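*Asks:* based on what follows, work out the 3D shape:
(one chain, ligands or ions: 1)
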Amino acid sequence: MGKSFEDHSLLKIDYPDPYYSSRNGYSDAPEYFAGRKFQVKCLDLQGLKPYEVATKANSNSVSIAGDGVASIWSYREHPPLYEDVLRWSVEHPDPIKTRSQLLRSQIDQATQNMKGYKVPSFQSPIVRKANNFNKLIVLNMELHVNTRGDLFPDPLEDEIRMLFWSFDDQNYPIDLGIEGSGVFVVNSHEITRKHINFPVQTFRSEVDMVRELISLVEFVDPDILSGYEIHSASWGYLLERFRKVHKMDLGVRLSRVATKQLNKVNDRWGFTHASGIKITGRHMLNLWRPLRKELSINRYSLENVVWHTLHIKIPHYEHKTLTQWFLSNSPGNLNNLVEYYMSRLHWQMKLINKMEIIERTVEESRFLGIDYYSVFYRGSQFKVESLLVRLAKAENFILISPSKKQVFKQDPLQVIPLILEPESSFYKSPLLVLDFQSLYPSLVIAHNLCYSTLLGRLHGYDPKKTQTLGITSWKLPPGLLKLFEKHITVTPNGLMFLKPNVRKSVLAKMLSEILDARILVKDTMNGLKDDSELYKLYNNRQLALKLIANVTYGYASATYSGRMPNSAIADAIVSAARETLHSAISEIEKNEKWGAKVVYGDTDSLFVYLPGKSKADAFKLGREISNHITSINPSPVRLKFEKVYFPCVLISKKRYAGYSYEHEDQETPKFDAKGIETVRRDGVPAQQKMVEKSLRLLFETKDLTKVKQYVNLQFLKIMQNKVNLQDFLFGKEIRLGSYKNPTSIPPGARITMKKVAEDHRSEPQYRERVFYMVAKGYKDQLLRDRCMAPRDFLANGNLELDAFYYITKVLIPPLQRIFNLCGVDVNKWFDELPRNLIAPNLDQLNFKTPLINSAKCINCNTVIQRTLGRTGKLCHECSANELQTIAHMRSCVRAKESQMDATMLICKRCTKRSLRNNNSPLSTALACTNEDCSVFYDRIKAITQTEKTMAAYAEYLSW
Ligand code: SF4
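*Replies:* Residues are numbered from 1 along each chain as shown. As a prediction, the model looks like this:
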């Protein structure tokens, strides 16, 4: 029967459109977006027409269908009444309405991983043999200096007081007879082994201490000197201080061979992309830089990386606190100080091992034929060229070295990749995602494109003339073209290339090797599904190979910074890709049997919509389409059937989200998003959480009432300040020194410039994110003046988030872009909410304006009129019921205190575990300023609110 539907051009399955399940706030009026009219249906029972049923009372009036002769009939049952349905819905509450969720004081997030870490657990069931290449010795070092007040350590001013070191002695081929970690201290007070759990050596001066460090380096002879951040701390601080203050070049003393190296001042690229410090014979590992490449998180502090990768919270203490501990002479504080630094070394080592940073770098350097440091230090062109040079040499070719002038003079790129404008909509039926695997490299191989096989341009070809392509000119010998007439491929942009039977392209050879290696790695991955760690490792490897294969096009097309670019070859590759994509689209759409429509395409991928098809049909058709398109293209061009989105939303170019199924028998779909706020890091976390959760609700239920309830509940929480401030932090990368107009400097840069003016050592690292939040200010105060660093915001207990700004300017726009496609105006949802929940401006709070003549009772929150001479903070009723009011106030204070105690307890446990100190006082826990921990914000908020509540009730509690 389903088949006959399709024969008559009817949908086999008519999936329901998004709808409202409640009349509450529903409007029959249509909505218009982008010239389209939307009429969302409401399926509320209240909207149903009365239903006529046969009862004993009215059975005579019931007509009998058919010929009017009924041999047997019975009463129909009553349909459920509205009240019945209501009662049922109360007895079976929707999970979103449970009390605990309603009261949770933060934005509800959607992911199954409710703790919010970005990297899954690293538990590995397979024990692997030690890697033969993992014989590199890493020496980690951190140092402590006493700072001046709130200032950051300055190598010109602040003496190094302690050094903490560790190396992986398990990795060492022989037993060195020393412990793997230790502490050096300038003996300003009695710090001895009885205070701490690590070997301690004391010295009379900083210089003596550093001499011992040099001896240690010479003895251990590490291959890698590492630190978490080695520019302003660790090795960078040490080198800078000794160069400037003690006039000693430690770089030479620490090296294996005494040679003069460039320092970071002369090596800007190295400074911003690797460590910038060069020690002959040893590598410098600036740990956060490779981690930054690996992980996609907002902040790359050690605490945040450990949380996301190892799922452990570790405290962070400011230099000021550490200095106080050092100077306190208290054994407990000194123990905390040492444990803190040593735990940092421990976590650094753990990250190096778990993320396999050294092994992977070694392997990449072997594969690419470049040295270890260049893996971090050099760009992709260097890596492609190193592979190319090796193959070109075997073929007796040499690579040309054009001058910058020649590179600039060549023709500009003329062809751009094919990116279709998607049909922006909510797609309720299955949508196939088909991807040409490594399209550009495959086309280079398929058409034998290369510098070595390029014959020239066909259009206007004149054998007598010299032709110029890219940066080189040449004249083909007379008759050569005729000779190879049958062995020439002409690309869509009119370039002639020799076929592989005459000369095999060097680029093609290189890419074939890379793609073969990638297939091998992928095959290995298939057998590692049970070992998520190893699977991830191999996945990274295949991605690295894919990257190298894909940047080969970039090597030819880098007409600005490239070393050997050729715009003609780059255009040939892109035009061939465009043609491949075009022919695939027309092939898919002309096949009526498939009933498919290509709704989006981007460079090498196609999104094919199958209206009215089931998921099983979609997988069948997906395989059929990919096999057919692969068969009509030259090898190795292959259209791969990636997944099925069901359902999904396409918003605009490179922006979409959907529930994806990769296998036919996959029951739980995966939430996939590209280009939208859930995967972008330039917004606030609340945006990511709300957009993802709303989309999930839409995909799972299609019930817009549920989405509306969720969205409005979050808005209410924000308006009532029942949220965690961490969810409202903007984190933006800044580039100091590149802003010309002082009025258009972004908020993050303004905050940083202000800080740097106070303390030049507080300048963030290159491409480090700076965080800020928007506070409620005075009336007409500019937005940029209300943006402030989280620490400044928290320090002022009177400040509140600008709820209205966050809701209308940050949260509604991304939701609006998505839900407009379903015919919904999210602004209208917000308009239905009471506005008096939003706290007033600061000037109103401070009673600066005489206009305010009403206020709220501090006990029951009802509005009280301030009449002349009446300044009481209680309403009449609360004033009259004195005992009741005081009891209520006391219970409020108790509730706030217990909330505060709960957060403090978490911090106390965390500190105890991390500093291995059972007697650590509460003040140590409260000194933690880990801005990447949600408990930190909760703790400060709970303390501030308790203090505020107690201050507000103070005069009444003493009654
Ligand atoms: S804020 Fe508390 S829980 Fe978070 S890291 Fe610091 S001590 Fe641990």
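
*Asks:* which residues does Leu547 contact?
*Replies:* Contact analysis of Leu547 by CB atoms under 8 Å, 6 or more residues apart in numbering lists Ser380. Every residue, glycine included, has its C-beta placed from N, CA and C.

*Asks:* how much space separates it from the ligand?
*Replies:* 35 Å (CB to the nearest ligand atom, to the nearest Å).

*Asks:* check His760 too.
*Replies:* Going from His760 to the ligand by CB to the nearest ligand atom gives 28 Å.

*Asks:* check Pro478 too.
*Replies:* From Pro478 to the ligand the distance is 78 Å (CB to the nearest ligand atom).

*Asks:* kindly report the same for Leu413.
*Replies:* Remark: distance between Leu413 and the ligand (CB to the nearest ligand atom) = 50 Å.

*Asks:* do the same with Lys409
*Replies:* Computed as CB to the nearest ligand atom, the Lys409 to the ligand distance reads 58 Å.

*Asks:* pretty sure that residue contacts Ser473?
*Replies:* No - between Lys409 and Ser473 there is no contact under CB atoms under 8 Å: 11.3 Å.

*Asks:* so what's the residue nearest to Leu287 when sequence neighbours are not counted up against?
*Replies:* Spatially, and ignoring its direct neighbours in sequence, Leu287 is nearest to Tyr228 (4.9 Å; CB to CB, 6 or more residues apart in numbering). By CB under 8 Å, 6+ apart, the contact set of Tyr228 is Glu142, Ser234, Leu287, Trp288, Leu302, Arg344, Gln348.

*Asks:* and what of Pro685?
*Replies:* Contacts here follow CB under 8 Å, 6+ apart; on that basis Pro685 touches Ile107, Gly116, Asn298, Gln726, Asp727, Phe728, Leu729.

*Asks:* after the one helix or strand Phe715 maps to comes which helix or strand?
*Replies:* Element membership for Phe715, per DSSP states H and E: helix 704-719. Following helix 704-719 in sequence order, the next helix or strand is strand 730-733 (DSSP H and E).

*Asks:* show me which strand runs longest in this protein.
*Replies:* The strand that spans the most residues within the chain, counting by DSSP state E, is strand 639-652.

*Asks:* buried stuff in it?
*Replies:* 639-651 (16 or more other CB atoms under 10 Å).

*Asks:* and if you look at stretch 416-434?
*Replies:* For stretch 416-434, a neighbour-count test (16+ other CB under 10 Å) marks 417-418, 422, 424, 426-434 as buried.

*Asks:* cool, stretch 799-817 as well?
*Replies:* By neighbour count with 16+ other CB under 10 Å, stretch 799-817 contains the buried residues 799-807, 810-812, 814-815, 817.

*Asks:* which member of these is positioned nearest Gln688?
*Replies:* Nearest to Gln688 among the buried residues of stretch 799-817 is Pro814, at 9.3 Å by CB to CB.

*Asks:* report the secondary structure state of the closest one.
*Replies:* Of the three states, Pro814 takes helix under DSSP: H, G, I helix; E, B strand; the rest coil.

*Asks:* for the ligand, what's the nearest residue on the stretch 351-500 of the chain?
*Replies:* Leu351 (16.9 Å; CB to the nearest ligand atom).

*Asks:* please see if stretch 294-309 touches the ligand.
*Replies:* No - figure legend: stretch 294-309 not in contact with the ligand (CB under 6 Å from any ligand atom); closest approach 6.7 Å.

*Asks:* determine the longest helix present in this protein.
*Replies:* Using DSSP state H to define each element, the chain has its longest helix at helix 882-915.

*Asks:* helix or strand next in line after that one, which one?
*Replies:* Toward the C-terminal end, the helix or strand that comes next after helix 882-915 (DSSP H and E) is helix 922-926.

*Asks:* helices or strands up against that following helix?
*Replies:* Contacts defined by 3 or more CB pairs under 8 Å, 6 or more residues apart in numbering; DSSP states H and E place helix 922-926 against helix 882-915.

*Asks:* re earlier: in its sheet, what does the longest strand of the chain sit against?
*Replies:* Partner strands and pairing direction for strand 639-652 (DSSP bridges) are strand 425-427 (antiparallel), strand 431-436 (antiparallel), strand 655-661 (antiparallel).

*Asks:* any idea how far the second one is from the middle of the chain?
*Replies:* Just to be clear, that refers to strand 431-436. The chain centre lies 24 Å from the centre of strand 431-436; the measure is CA atoms, centre = their mean, to the nearest Å.

*Asks:* avg pLDDT for that strand?
*Replies:* Mean pLDDT, strand 431-436: 95.

*Asks:* show me this protein divided up by domain.
*Replies:* What automatic domain parsing lists as the domains of the chain is 2-91, 138-373, 410-440+504-672, 685-835, 853-957.

*Asks:* make TSV out of those and add distance to Leu481.
*Replies:* As requested, these are arranged in TSV below (distance: least, CB to CB, whole Å):
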stretch	distance to Leu481
domain 2-91	53
domain 138-373	37
domain 410-440+504-672	17
domain 685-835	51
domain 853-957	65
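
*Asks:* which of these has the lowest average pLDDT?
*Replies:* The minimum mean pLDDT among those belongs to domain 2-91 (a mean of 71).
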